[in-house]
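A.B. asks: can you look at this prediction? I've put the sequence above it.
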Amino acid sequence: MNFQKVNNITGWIVCLIACGVYLTTMERTGSLWDCGEFVSCAFKLGIPHPPGAPLFILLGRLFSLFTPQDAAIGVNALSAVASGFTILFLFWTITHFGRRFIQQSEENLSNQSVFNIMAAGVIGALAYTFSDSFWYSAVEGEVYALSSFFTAIVFWAILRWEHEDVKAGNDDAKRTHAERWIILIFFMMGLSIGVHLLNLLTIPAIVMVYYFRRYTPSLKGGLFAFLIGCIITGVVQVAVIQWSISLAGWFDRTFVNSYGLPFFSGFIFFFILLAVAIFFVLRFAHQRHLRFLRLGVWSFVFMLIGYSTYLTTMIRANADPGIDMNDVNNPLSLVSYLSREQYGDIPLLKGQTFTAEPDYEDVGDSYQRVGDKYEITGKKRKAVYPPEQTMVFPRVWDASNEQGHADYYAQFLGIEKLQDNQTGRTYYERDPDMSDNIKFFFGYQINIMYWRYFMWNFAGKQNDLQGVGERRNGNWISGISFLDNIRLGKQELMPDSLKENNANNKLYFLPLILGLLGFAYQYYRHRKDWIVAGLLFFFTGLAIVLYLNQAGPQPRERDYAYVGSFYAFAIWIGLGYFQIKEWLEKMIKGTTGGYLAALLCLLAAPVLMASEEWDDHDRSKKTIAADLAANYLESCAPNAILFTVGDNDTYPLWYAQEVKGIRPDIRVINTSLLGTDWYINQLRYKVNESAPIDVIWSESQIAGDKRNVVYHIPTGEGEDSTWYNLYDEMKNQAGSEDPGNMYRAPSGELLNYFAHNKVMVPVDKSKVQKNGTVQTKDSVMDAIRFEISKSYLFKNDAAILNIIAANQWNRPIYFTQPLQIGFDEYLRQDGLTYRLVPVANARQRANSDWMLDKILNKFRYGGATSKGIYYDEENRRHLVSIRNAHTILAMNLNAENRKAEAKKVLQHCDAKLPNSGLPYGMASRYGNDHNEKSFYFGITAMEAGDVALGKKVLNYVRKDCQQQVAYYASLSEGQIGNVQEYEYQVAQQLLQRIDAELKGK
């Protein structure tokens, strides 16, 4: 039997199976998180968030050309196909390693040997096909599927080089010819930089393959080769990716500012200079017969060629696309974009603790393109910490509390948070020490943020609730009851909503055991290959844990970052077949043992994994992201300004507008991005059908660091009784360039400030009544008056106030959620959004007639009426918000004595979001937020006169709460923890309230 022919045919069959699985289960529209951004950018060749993904955008655009009905289908198909080809190269990688167990030279393989190698490849490749984390990325328009493809192809390519080099023997010409594979590897790595940087982590394993082939292995030599691999990884990450562009940027700044030449002249000159240098180095290497130097230079050249996809980022940024993150229209902006400057630095070897209080020092000037020059727009500042508040290998470092990081460290480590009674300032009872640091590293970063994900894929998954260590939420399980119960409490007492959760996948350790057998088998049979696979496993797994240094809690699960590690383990799953085969052949004579081993391994890994996980990975009928976006947009009046906060109330809206053409008249403004000058400046121009926005301050007034913070420094004049015009305060005081209107700090620095925090926005009553801002029945105020609730305003907060002040009630202003700046009492709910209105106590009412029309005629429901659609936790959270909008409307209709209409709204909701699609009784990680909202739905239904609907809903909620109480009651005091203790209490209280409502009904 011809091995190569069988290997190729079988590999392509496995590839087609994987592609078929992913194309069948992929989402047919936009998805949540970053997918909406990437699909929108692919459709119109926009610029996504740093550090960008230009190759992904270009390929996404190419695929979208074949799906004119929806670009998301094309981009999602790109992920599906890339994932299928990842499986192809995984198969060929496994068969390469498996062949080396059997064939030590070029002798022919027996038919049975070929079967055994193919069986190992099929088992490992299909196991990875149906693994939880990889499958998740394979069916949505994100960069991780394509990144996995590049990881797979470069790892396979080095094995292919090794095979060619073995065949070449001592023939130098053939060995040189084989090195084209290494050059191909670096070209593919250069291309992969335009997708994601994860691919670079294969370099140490690739270097070890080269070392084992070209040198006589020794401990000293192996350690040296490993060190070289790490150095090359660092050189590519820093020198190739960042320094090359930084130098080109320096040349460009010099040419423009010093010689008056056009932008990009210095950038082009640098790369011409580099090309000349490369030419002379190559000629030198050729003359001196320095083959290794020549190989290194050509590898560098082709990596740069692949990396050149980033030129398209600057080209498209100069065309001002609708999505133009960071405005990368010049080389200096590209430097900042690639280095992710806006996200800050993460300490790795030495750094601060989360209780440290920094000073700041200037480390250089910050330049931006202004007119026809690069001008200094601020200082680059670096935080400096006292030595006693720093440590080696810092793991508890993030002092920010915007996402609760510092408080989470303290809670995890048992450090109490205290408050000064006189000043109200909060502080922590002590600084963390090294034992705390190590505890967090192993307890959170290793256990929760890696090991838990690893076990999801190869042992089993408890449910889809995001977990941070609680017994009930998102843990790994095996399906072996007594083992799971020891760790997590009695799983049989878990609420039905979690036991029957589609993500409750029981794999009984079988894929894990098979992988461990393959791990051990390769260790004893081919130690060199084991080291290579082990390095791939380590660098794409634990090394990422070390590098990311993640704070907790994360806004979402991060298992997708470690799929390269799971890929490496799938190699061992395939090789585990050989161990099972050997054991069975000792008991069963002939070839039957091999066939039986193949069948058992197929059932134990890919078949079991597919049967358990298909239902929670099939997104083919789900439309929640697109429908959610449409609901947000349709909740707004024409020509509105809509402020959004997070990824999932921003990116899907971009997709709806840019791709689907839904409500292009609305200007969507993300409040997080408003902290940057480039984003504020983009508001000054028309986008789609949305007119420009007045932001009060000029481009020069917000350039760089200017007005990053505007402080409240009271003057004392009329502060207690006078309300000051917000526009005047922001334009003439906070926006003043007059040193007399600025505060001089002890350091001598002049600071912008606002003197009065009691502000007002005047109202033209005739205008707001005419343009529909208020209803005829509203009592309209002559001005909205509020107290700015913060002692200082970041640039994004100030920009929001500027837009409100300058708008003068001309355009409707909406928010996806209240922002707690001070004006929340004037936000009235209009559908899923909150509209700023000059009406007292607006938060206590909804725009009933508006919402009634939108809910009955415009709202969409994610396909929840179809059978068999699975909604994960994030999907359910947004569906619950849609259901809750119906509840709020019905409450207002009840208050207006319009109970028939309230009843109609709730019945409409029950039909569109039935219990079968979105259970009323459902445990959630937000303190039973899901059940509490369902509780209000039920009692509102009864108030509207639909007692049957109300009782039905309340009984669903009661059942779930009863089951939660039973589960929590079974946990010991040490098992339950503070978070779950709170959820336990909420469930008990909710039960009491339900019983009180149902009493006598």
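C.D. replies: Good, I have the coordinates.
A.B. asks: can you show me the CA trace of stretch 57-65 as CSV?
C.D. replies: Output of stretch 57-65 as CSV, limited to C-alpha atoms (Å, rounded to 0.1, in the frame of the first residue of the first chain):
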residue,chain,number,x,y,z
ILE,A,57,-9.6,41.6,6.9
LEU,A,58,-8.5,41.1,3.4
LEU,A,59,-9.4,37.4,3.3
GLY,A,60,-12.7,38.1,5.0
ARG,A,61,-13.4,40.6,2.3
LEU,A,62,-12.6,38.0,-0.4
PHE,A,63,-14.9,35.4,1.2
SER,A,64,-17.7,38.0,1.7
LEU,A,65,-17.7,38.6,-2.1
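A.B. asks: what residues of that stretch count as buried?
C.D. replies: By neighbour count on 16 or more other Cβ atoms under 10 Å, the buried set for stretch 57-65 is Ile57, Leu58, Leu59, Gly60, Arg61, Phe63, Ser64. Just so you know, the C-beta spots here come from the backbone N, C-alpha and C atoms, and that holds for glycine as well.
A.B. asks: and stretch 365-373, by the same measure?
C.D. replies: Applying 16+ other Cβ under 10 Å to stretch 365-373 flags Ser366, Tyr367, Gln368, Arg369 as buried.
A.B. asks: so which of the residues you listed is the closest to Arg472?
C.D. replies: Ser366 (47.3 Å; Cβ to Cβ).
A.B. asks: would you agree the closest one falls within a helix?
C.D. replies: No: looking at Ser366 with DSSP: H, G, I helix; E, B strand; the rest coil, it is strand, so not inside a helix.
A.B. asks: distance check, it against Ser244.
C.D. replies: Note on Ser366: its distance to Ser244, by Cβ to Cβ, to the nearest Å, is 20 Å.
A.B. asks: just the helices in the stretch 501-650 of the chain please.
C.D. replies: 510-525, 527-539, 542-548, 563-587, 592-602, 608-613, 624-634 (DSSP state H, counting those that start in this stretch).
A.B. asks: can you give me the angle the second one makes with helix 563-587?
C.D. replies: Translated: helix 527-539. Following axes from the mean of the first three to the mean of the last three Cα atoms, to 10 degrees, one obtains 140 degrees for the angle between helix 527-539 and helix 563-587.
A.B. asks: checking Phe280 next. Helix, strand or coil?
C.D. replies: helix.
A.B. asks: so it versus Ile268, what's the distance?
C.D. replies: From Phe280 to Ile268 the distance is 19 Å (Cβ to Cβ).
A.B. asks: could you do Thr233 as well?
C.D. replies: For Thr233, the distance to Ile268 - Cβ to Cβ - is 29 Å.
A.B. asks: try Ile193
C.D. replies: 20 Å.
A.B. asks: for Tyr792, give the beta-bridge partners.
C.D. replies: For Tyr792, the beta-bridge partners are Tyr711 (DSSP bridges).
A.B. asks: that one: how many residues sit nearby?
C.D. replies: If you count neighbours by other Cβ atoms under 10 Å, Tyr792 ends up with 15.
A.B. asks: use 21 as the first number for this chain going forward.
C.D. replies: Understood, numbering begins at 21; the last thing we discussed is Tyr812.
A.B. asks: ok, and the closest non-adjacent residue to Glu199?
C.D. replies: Leu315 (5.6 Å; Cβ to Cβ, 6 or more residues apart in numbering).
A.B. asks: mind listing what the one you found touches?
C.D. replies: Leu315 sits next to Glu199, Ile202, Ile203 when contact means Cβ atoms under 8 Å, 6 or more residues apart in numbering.
A.B. asks: next step: the residues you listed restricted to helices.
C.D. replies: Ile202, Ile203 (DSSP state H).
A.B. asks: about what we covered before: quick check: the farthest pair among the buried residues of stretch 385-393?
C.D. replies: Among the buried residues of stretch 385-393, Ser386 and Arg389 lie farthest apart (Cβ to Cβ), at 12.0 Å.
A.B. asks: can you tell me which residues contact Ser167?
C.D. replies: Going by Cβ under 8 Å, 6+ apart, the list of residues near Ser167 reads Ser212, Val215, His216, Leu218, Asn219.
A.B. asks: as JSON lines, those residues with secondary structure would be great.
C.D. replies: Shown next, in JSON lines, are the contacts of Ser167 (three-state DSSP):
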{"residue": "Ser212", "secondary structure": "helix"}
{"residue": "Val215", "secondary structure": "coil"}
{"residue": "His216", "secondary structure": "coil"}
{"residue": "Leu218", "secondary structure": "helix"}
{"residue": "Asn219", "secondary structure": "helix"}
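A.B. asks: can you put those residues in JSON lines and add distance to Phe246 and neighbour count?
C.D. replies: Formatted as JSON lines, these follow (distance: Cβ to Cβ, whole Å; neighbours: other Cβ atoms under 10 Å):
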{"residue": "Ser212", "distance to Phe246": "22", "neighbour count": "27"}
{"residue": "Val215", "distance to Phe246": "26", "neighbour count": "25"}
{"residue": "His216", "distance to Phe246": "24", "neighbour count": "21"}
{"residue": "Leu218", "distance to Phe246": "20", "neighbour count": "22"}
{"residue": "Asn219", "distance to Phe246": "19", "neighbour count": "26"}
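A.B. asks: save the residues you listed as CSV, and put in pLDDT too.
C.D. replies: Shown next, in CSV, are the contacts of Ser167 (pLDDT from 0 to 100):
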residue, pLDDT
Ser212, 95
Val215, 95
His216, 92
Leu218, 89
Asn219, 90
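A.B. asks: out of those residues, which comes closest to Thr960?
C.D. replies: For the contacts of Ser167, the nearest to Thr960 is His216 (46.6 Å; Cβ to Cβ).
A.B. asks: wait, a helix at Met942?
C.D. replies: No: if the criterion is three-state DSSP, then Met942 is coil and not within a helix.
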